[in-house]
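Visitor: Could you look at this predicted model? Sequence included:
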Amino acid sequence: MKPTVRLRRKSDPRQTEQRETDHRETDRRKSTPTLLTAGLCLSLALAAGCAKSEDDPSGAEDTGKDTNAGQEVAQPSGDQKMCDLKTFGGKELDLKGATVGFSQSEKEANPFRIAETASIKAEAKERGIKLLTANAQSQFSKQISDVQDLISKGADVLVIAPLNSDGWGPVLRTAAQKKIPIVTIDRKINATACKDYVSFIGSDFVEQGRRAADRMIEATGGKGEVAILLGAPGNNVTTERTKGFKDRIAEKAPDLKVVFEQTGEFAREKGQQVTEQLIQSKPGITGIYAENDEMGLGAVNALKGAGKKPGEVQIVTIDGTRNAVQGIVDGWIHGVVESNPRFGPLAFQTLDSFTKGEEVGQDIVIKDTEYTEANAKTELGKAY
Amino acid sequence: MTQLALRDLRWDRARTMRLLQEYGVYAGVLALVLANIVLTPNFVSAENFRTQAVQVAPVLIVALGMALAIGSEGVDLSVGSVMALSTSLVALYLGYGPAVAILVAVAGGMVVGLANGSLIAFIGVQPIVATLALMVACRGLANVFLPQLKDVRDPTMASLGSGSVLGIPYLVLIAVALALLVAFLVRRTTFGRQLLAIGDSRPAAQLAGLPVRRVLIIVYVVSGALAAIAGVLATARLTASDPTSLGNLMELSAITAVVVGGTPLSGGRVRIGGTVAGAALIQLLTATLIKHDLPPSWTQIAQAVVIIAAVYAARERGRR
Amino acid sequence: MSEPVLAVRGVTKRFPGALALDGVDFAAYPGKVHALIGENGAGKSTLIKVLTGVHRADEGQVVHLGEPVTFGTPLEAQHAGISTIYQEVNLVPLMSVARNLFLGREPRNRFGLIDFRRMHRAADEALRDLGVRVDVTRALRTLGVGAQQMVALARAVQVDARVVVMDEPTSSLEPREVRTLFGVIRMLRDRGIAVIYVSHRLEELYEVCDTVTVLRDGKLVHTGPIAELDRLRLVSLMLGRAMGEVRSEGLTKFSGDHDAGGEPVLSARGLRIRHTLHDVSLTIRPGEVVGLGGLLGSGRSETAKAVAGALATDAGEVLVAGAPVRTGSTPAAIRAGISLLPEDRKAEGIVPGLSVRENIALAALPSLSRFGLVDEERVDRIVGTFMKRLRIKASGPHQKVGELSGGNQQKVLLARWLAMQPKVLLLDEPTRGIDVGAKAEVQKLIDELAEDGLGVLLISSDMEELIEGSDRVVVLKDGAVVAELAGDEVTEDRLLAAIAAHPVDVEGSQR
């Protein structure tokens, strides 16, 4: 984009006029793209300015508010490894007056990340804590420098949503020297808990898979053929959600056969395309397990396009976005296993206890709820 | 005598390569269809062919523009991002009705094409660099306009995505019409002739007084417009606007379709029929592997093999 | 006589729609310079390509040192000691001279890396042997064409060639460089190397060659010592015409003077380009052929390009029939009626992948179109007319121009411009690299066009062509006009005198 920038500077009309006398030809040639580039920026800026998008009938009220308190610890913290200040080696501080740094991994473009960031922000506001935020835009190197930035800007504690599990060594060392407590959320870091960081708060993806299997067994009566829309290949979420699902099916419903496994890359469009192929080649399919809501919604699109009726093919998905829960209400989706993104309360509560000198768990698994026909309508507001 | 025989063999090989390059892609499509008829259950059904055609339509439309860019000895990497920009503009402007929204989206694509073309034609930035810059910029812009997926509920858009005439989906009709239009543009118009000459030998075209800049700008504007149309159609089909993932890696699919279709990357030639077949070949290949539930990595490997075969055939020609 | 190093027996080569070689025998002997001549399409290039492994013969044998061989690739031929120097130097322009000399066989140091010091020294010596002094670390493309050719030659000599094939090596050389080249050829001959020499310049053949083989229409017409053949007989063999006819037509096809009168159709005044042109002015009247004389690098091509708008000027104006033309814009110049046949036909003239038809119609397309749609019938008509009028030899209008011989490519370019009905034709080396027959045809065409009232600017390194063809000659040196010869003054002596009037300072790159 360098040339564009340079040209935009040149597009000052007075400058162009001055030069016109001796270098008319060259300038004429150069000022044309200048104008074009300037025009591009202008028109695109305008595009956003006078936009008027479709009314949203579902009423998109703020997702972060009254539902923010909905995160609970799944297991009692007694039967697992604990961590406190003495072991970690820091000193007590009052979280109220502290600065919390939050490093988000991906840009807030999907409901999960949006709800996650919103939850952290809302909780910080509620507790009146100063929050510094950074977003790595899916670049790991940026996340590392983000965290370094947060530390140098004076963060006393850190909440990190890691993009990768590996490669955190140098940053953790910097933090350890300053005795900065770190809580990682939604993904784990490959490091020693209570030494390099304090706790990990997240979902159990294998468990999510198992619960999805339960829903599928319930929907199909434990018989028939099911297809799996896999997530992005090489992602631990994909592997764990697949493992939980398959294990539980094998264990509880041997008559339910997994006959099709193709990746939908966690995207609605890809989920739709794959499902279209699926229902062509295997018209007798009874159920589709989508490893996230977006692919599940793509599958719904495909079924609609093929003239199927709601309930003809049972769909179970994981995540708990509003659209998917609406899908239950509409009868297209049988069940949604939630993957709770609202880490704010639990993360701050953990840090609060820890900095006061209390013990906290090293692995805190949050409780994920489920949406079914029974609660979808009433709980729709809770979905993110 | 063995020498003579050997010579015949080699001659035959050269001829085979030429034929392969010219018609290989059609033979490939035919072979895949035949194999599927034998091997894949429920393959022979109108519904199935409709599905394949609908899925390939956006790729094909983008590939048409890409073929023009490649024919001019350039490339347009920004097409995927233009699709994203287009889908975000559709969502933003749907409040004014679908017609306005589509017009704004296509206009947006043309503006991006204009920027691409200007950078290339006036400033002399290499196409790969210029369009890469716009690719990054447009994806960012699309995400600023529409930070997250938004459902599209407009009934006109929905019927554009899933409706049909006489059993032929609108999407397919539009793609076919655009393919015919671009083929006409290349074969019958002054612009098409000039485009080929510029792609084949830029200095000669310049000295022959051809409007090189204008032609290049039009090429990228058309490519941008086609990508935007593909974005609109993909939005209609998905009944959602998803600027984060829509059009991801689309530029590679389009380049693959064009190259597999026999359009040389060195410019000077545009094969629209081949491009259509190239897109169809890749689509069928993917469909076959998915239908037989083979691991996704196989699809990538199969695509790679097809690309290598196409490039190999092209190389034979280049050597003469 | 000793055994031939390289020979072909009864070689036949067919291309789609053409018989390029028809049972040809040819033999190159060590220590002999063997001239290979013939008109366009006679089969010289094809024969060379068969000899050097580019093409494979359909019938017949290639015999190397008495053994029948099949070269699969040019590389195999190279390994067998056959080096080729093509008309267009095919080296890597961006690499240094030394890298080019040693490409693929660079001296290595003990780490397996290129030993640049050794390479540069060896390259310097190799070139000095040939009487060429250049900085071997410079990129090849910064050298003049002549110097580049010497590098190619040095490379051929370096690889211990037994046979060196030269395809029109002198076409872009200055006289001084030609002398050097001939010295090198004699040196090669004395070392027992067989040289196959292709050229259209008859004087050169007599000066440097021992034997001559004449091809016509893919068939062998004559082989024998060149001393036994006089020039006229040689020409008649090539053209396949009776002696008297040739004699009566002279050596060029120009008729001589034209009636040039009236207001200038083109006047260029005070053209300036930094480092290149210094205040060049010239005028051309309708029906006049104005020659542009001078040595390589004197600014002839640049003048033509500046007039045609292909080079931006710092100062100066161009008027066509009294009306000013915007400089630095090819379309503007073309609209005003100026047409340029560029020197580098292959890179800047033809569009090789397009057909004869599309090439001819290329510039005139807008006028052959309605609402942006090409009027195919009108294109066919125009193409048909010009293919007939210029006697363009092709398998049809749809043959790719890249497949035509040089002469026919040049005619296609002429047709392209004539279809624009220009007022002024700028011809930069219109007959370079094309054979005698096509040359004569092109010369005759130029004559006819001038008679039809066109203003013609003729640039040619061929003295004879320049003198016989031009009514007036403007002599350039170092980017400035140094003399203008008109009428009886247009003689070889006067021209040489004009060029030699001041001490000639050849550009550094040529040294």
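Guide: Thanks, I have the structure now.

Visitor: how much space between the residue in the stretch 151-300 of chain B that chain A sits nearest to and chain C?
Guide: Closest residue of the stretch 151-300 of chain B to chain A, Cβ to the nearest Cβ: residue B:291 (3.9 Å). Where you see a C-beta, it was placed from the backbone N, CA and C, and this is true even at glycine. Counting by Cβ to the nearest Cβ, to the nearest Å, the separation of residue B:291 from chain C is 40 Å.

Visitor: I'd like to know how many residues surround the nearest residue to residue A:193 once chain neighbours are set aside.
Guide: In space, and not counting its chain neighbours, residue A:193 is closest to residue A:362: 4.0 Å by Cβ to Cβ, 6 or more residues apart in numbering or on different chains. By the other Cβ atoms under 10 Å in any protein chain shown criterion, the neighbourhood of residue A:362 contains 17 residues.

Visitor: What does the pLDDT read for residue A:362?
Guide: On pLDDT, residue A:362 comes in at 85.

Visitor: and if you look at residue A:103?
Guide: We have a pLDDT of 91 for residue A:103.

Visitor: tell me which element residue A:207 is part of?
Guide: Using DSSP states H and E, residue A:207 sits within helix A:205-220.

Visitor: Pull out the buried positions in that helix.
Guide: A:205-217, A:219-220 (16 or more other Cβ atoms under 10 Å in any protein chain shown).

Visitor: And the helices in the stretch 51-200 of chain B, which stretches?
Guide: B:79-93, B:98-121, B:127-145, B:155-162, B:170-188, B:190-200 (DSSP state H, counting those that start in this stretch).

Visitor: mean pLDDT for those helices: which is lowest?
Guide: helix B:155-162 (a mean of 88).

Visitor: Show me what it is packed up against.
Guide: In terms of contacts (3 or more Cβ pairs under 8 Å, 6 or more residues apart in numbering or on different chains; DSSP states H and E), helix B:155-162 is packed against helix B:98-121, helix B:170-188, helix B:212-238.

Visitor: Let's see that with 7 Å instead.
Guide: Helix B:155-162 is packed against helix B:212-238, with contacts defined by 3 or more Cβ pairs under 7 Å, 6 or more residues apart in numbering or on different chains; DSSP states H and E.

Visitor: is chain A contacted by the helix it packs on?
Guide: Yes - residues of helix B:212-238 contacting chain A under Cβ under 7 Å from any Cβ of the partner chain: B:234, B:238.

Visitor: Briefly note if that helix comes near chain C.
Guide: No - using Cβ under 7 Å from any Cβ, helix B:212-238 stays clear of chain C, with a minimum separation of 9.2 Å.

Visitor: Can you name the next helix or strand after that helix?
Guide: Next along the chain after helix B:212-238, taking DSSP H and E as the criterion, comes strand B:240-241.

Visitor: in its sheet, what does that following strand sit against?
Guide: Strand pairing for strand B:240-241, using DSSP bridges, gives strand B:150-151 (antiparallel).

Visitor: Neighbours of the residue in chain C that chain B sits nearest to, how many?
Guide: Proximity to chain B, evaluated over chain C using Cβ to the nearest Cβ, is greatest for residue C:334 at 3.8 Å. Using other Cβ under 10 Å, residue C:334 has 23 other residues around it.

Visitor: Can I take it that it is in a helix?
Guide: Yes - assessed with DSSP: H, G, I helix; E, B strand; the rest coil, residue C:334 lies in a helix.

Visitor: That one: what's it in contact with?
Guide: By Cβ atoms under 7 Å, 6 or more residues apart in numbering or on different chains, the residues touching residue C:334 are B:209, C:363, C:420.

Visitor: Which of those residues ranks first by neighbour count?
Guide: Neighbour tally across the contacts of residue C:334 (other Cβ under 10 Å): the maximum, 27 neighbours, falls on residue B:209.

Visitor: Can you classify that one by secondary structure?
Guide: Going by three-state DSSP: residue B:209 is coil.

Visitor: can you pull the pLDDT of it?
Guide: Here, the pLDDT recorded for residue B:209 equals 89.

Visitor: Please tell me how far the spatially closest residue to it that is not a sequence neighbour sits from chain A.
Guide: Spatial nearest neighbour of residue B:209, chain neighbours left out: residue C:334 (3.8 Å); criterion: Cβ to Cβ, 6+ apart. Distance of residue C:334 to chain A, given as Cβ to the nearest Cβ: 17 Å.
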